[in-house]
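Asker: Using only what follows, build the 3D model:
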Amino acid sequence: MKKFLYIGMTMLILMIVYIFVGLSHPEYSLPFSLILTYILYFIYIVIMIMMFILYFKNRNK
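Answerer: A predicted model of the protein is given here:
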């Protein structure tokens, strides 16, 4: 299903934009603790990877 690919690509592009904004504006920060921030990043990356896996798994059917 192409929707998994579109969601995964959108998440990847948003992550890249977020990284570049964070590197160019270090004064921006999240109002969470550092542990919670890492947990949110991890969940985001896991969901993004799962979207790509679901796309490639369903593509062969």
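Asker: Which of the residues in the longest helix anywhere in the chain are classified as buried?
Answerer: In the chain, ranked by residue count with DSSP state H as the criterion, the top helix is helix 34-59. For helix 34-59, a neighbour-count test (16 or more other C-beta atoms under 10 Å) marks M48, M51, F52, L54, Y55 as buried. Where you see a C-beta, it was placed from the backbone N, CA and C, and this is true even at glycine.
Asker: quick one, phi/psi of E27?
Answerer: For E27, the backbone dihedrals (degrees, to the nearest 10) come out as phi -80, psi -20.
Asker: For it, give its distance to Y38.
Answerer: 20 Å (C-beta to C-beta, to the nearest Å).
Asker: quick one, what contacts M51?
Answerer: F4, L5, I7, G8, M11 (C-beta atoms under 8 Å, 6 or more residues apart in numbering).
Asker: so can I have a markdown table of those showing neighbour count?
Answerer: Shown next, in a markdown table, are the contacts of M51 (neighbours: other C-beta atoms under 10 Å):
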| residue | neighbour count |
| --- | --- |
| F4 | 18 |
| L5 | 16 |
| I7 | 18 |
| G8 | 20 |
| M11 | 17 |
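Asker: From these, which land in helices?
Answerer: F4, L5, I7, G8, M11.
Asker: Report the spatially nearest residue to the last one, omitting neighbours in sequence.
Answerer: In space, M11 comes closest to M48 once its chain neighbours are excluded; the distance is 4.2 Å by C-beta to C-beta, 6 or more residues apart in numbering.
Asker: With the first one instead?
Answerer: Across the structure, with C-beta to C-beta, 6+ apart as the measure, the residue nearest F4 apart from its sequence neighbours is Y55 (3.9 Å).
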